[in-house]
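K.L.:
could you work out the structure for the sequence below:
(one chain, ligands or ions: 1)
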Amino acid sequence: MLKRIAMLTDNADPLVPLGGIEAGGENVYVLEVSRALGRLGWTVDVFTRWSSPKTNQIAKISPNVRVIRLQAGPIEFVPKEQLAPLMDKYVQSFFSFREKHKLEYLLIHGNYYHSGIAGLEISRLLKLPMVNTFHTLGLVRRAALGAHDASADDRIAKEKQVMDCVTRVIATSPPMKEEMIKMYGVPVKKIAVVTEGVNLKRFTPVAQHLARRVLHLDVNSLMVLFVGRMERRKGIDTLLWAIKDVADRLGERRKVLMTVISGGETKKHWKRASVVEKTERERLSALVEKLGIGDVVKFIGGVDREELPFYYSSADVTAVPSFYEPFGLVPLESMACGTPVVASKVGGMQWTIRDNVTGYLVTARDHHAFGDRIYELLTTPETGKRMRENGIDRVRHLFTWEEVARQMSSLYTDLIIEYLYRQAKGS
Ligand code: UDP
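P.N.:
Residues are numbered from 1 along each chain as shown. Now for the predicted structure:
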């Protein structure tokens, strides 16, 4: 029997460029988990919504992994919040495709809550086991963002429905597991913790002076890096306030300070940026001006994955000031490249980053604390050196996609055996 599973990800096409407002960690996760499962002998069909006429309906990722783009609504970008009414069509297109190509699946793996709901319908009709990975949790997001959170109540109701009905809920970190138990009332036994990972072939250390030369950056500068989507929850404003502190403390030396903020649409496609992203960029630019730090801050737009390791390797410190970060791939990518992280003590980062070992964890929104730690890492290179080896080591031991796929494969196998056994007994 072919070990074939259907991975559902309505909005996160694994092959689109990253950094834009709706393409980030989930796209990387689906791509890397599927590819690594493929290497372990699983056949993975990733079903996403067809969102660009420039893409083909089917695209191969690796010999036994492919992306299948289902027609559900117009073949153009549709923001996440407007996807719900299109999900029935997504399910219908899934069944048409499956029938046309005579495909049998052993398990459904949903992501997020829209695909989760679609997955419930598919797994119910096919009587298959289903797991669902949650990339963010609406209730936690709301608690962190307060009035600025746009998540509707409907989202939280759907998350609960998926958690109630799937065979296993996947939490990507132990803190997320706790949140699911405490805030959503999910029974402990129903949750499997399977972490996320880093592609170590790509994210590997490059000597700082060489990385800077590749990017045409000043080899003598003190460099702080931010990588992520232009979204309020990423807390870039906290970083800008912290940079003001750091610049003031550096006095004369502020001329060598350089804060590189990457993410959002690439410069070439800036016109394509969403309203959310444009609004956030304008808000942040106004803050830069108000704080008088235009000389030490540079927004460079989205960076290709091929180039990112050079940015991480160039930086003296990577800042991750998010108000809420369910997992956070960026700190791990930075650690894999040997650059220490100063991050908010929230979500999965409380577990992936070891305080004072691979970086520093500080209270979210506390720009003085961020400023202190960033200043320390910029001015005492011995601290950075000590953390460098620890970070590389931690990622290599705990956070590879190979390890993630091994854990996922073992979870799938258990659930499929249970399912086949029940089928054989006719229950
Ligand atoms: N990313 C990228 N280019 C950019 C900005 C981000 O390739 O300009 C990638 C980044 O390397 C990471 C992902 O997008 O792999 C963001 O994942 P993370 O978990 O940090 O945040 P999320 O997007 O899930 O909120």
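
K.L.:
for the ligand, give me its nearest residue in the stretch 151-300 of the chain.
P.N.:
The nearest approach of the stretch 151-300 of the chain to the ligand comes at G263, 4.1 Å away (C-beta to the nearest ligand atom). (Each C-beta comes from the backbone N, C-alpha and C, glycine too.)

K.L.:
and that residue, what does it touch?
P.N.:
With contacts defined as C-beta atoms under 8 Å, 6 or more residues apart in numbering, G263 is in contact with 19, 226-230, 234, 301-303.

K.L.:
among the residues you listed, name the buried ones.
P.N.:
19, 226-230, 234, 301-303 (16 or more other C-beta atoms under 10 Å).

K.L.:
surely K234 and G228 touch.
P.N.:
Yes - using C-beta atoms under 8 Å, K234 is in contact with G228, at 4.8 Å.

K.L.:
where do the contact lists of the two overlap?
P.N.:
263, 322.

K.L.:
what ranges do the strands span in the stretch 201-350 of the chain?
P.N.:
Assigned by DSSP state E, counting those that start in this stretch, the strands in the stretch 201-350 of the chain fall at 222-227, 257-262, 297-301, 317-320, 341-344.

K.L.:
check the offset of the second one from the chain's centre.
P.N.:
How far strand 257-262 lies from its chain's middle: 21 Å, per C-alpha atoms, centre = their mean, to the nearest Å.

K.L.:
same check, this time on the third one
P.N.:
Relative to the centre of its chain, strand 297-301 is centred 21 Å away, using C-alpha atoms, centre = their mean.

K.L.:
how about D218, what does it touch?
P.N.:
212, 256, 258.

K.L.:
the first one and S314 touch, don't they?
P.N.:
Right, R212. Yes - using C-beta under 8 Å, R212 is in contact with S314, at 4.7 Å.

K.L.:
if we can go back for a sec, let me have the strands of the stretch 201-350 of the chain in TSV, extended by mean pLDDT.
P.N.:
Shown next, in TSV, are those (pLDDT from 0 to 100):
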stretch	mean pLDDT
strand 222-227	98
strand 257-262	97
strand 297-301	95
strand 317-320	98
strand 341-344	98
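
K.L.:
what's the most buried one of these?
P.N.:
Most buried of the strands of the stretch 201-350 of the chain by mean neighbour count (mean count of other C-beta atoms under 10 Å) is strand 341-344; its value is a mean of 29.

K.L.:
which parts of stretch 213-220 are buried?
P.N.:
So, applying 16+ other C-beta under 10 Å, buried residues of stretch 213-220: L217.
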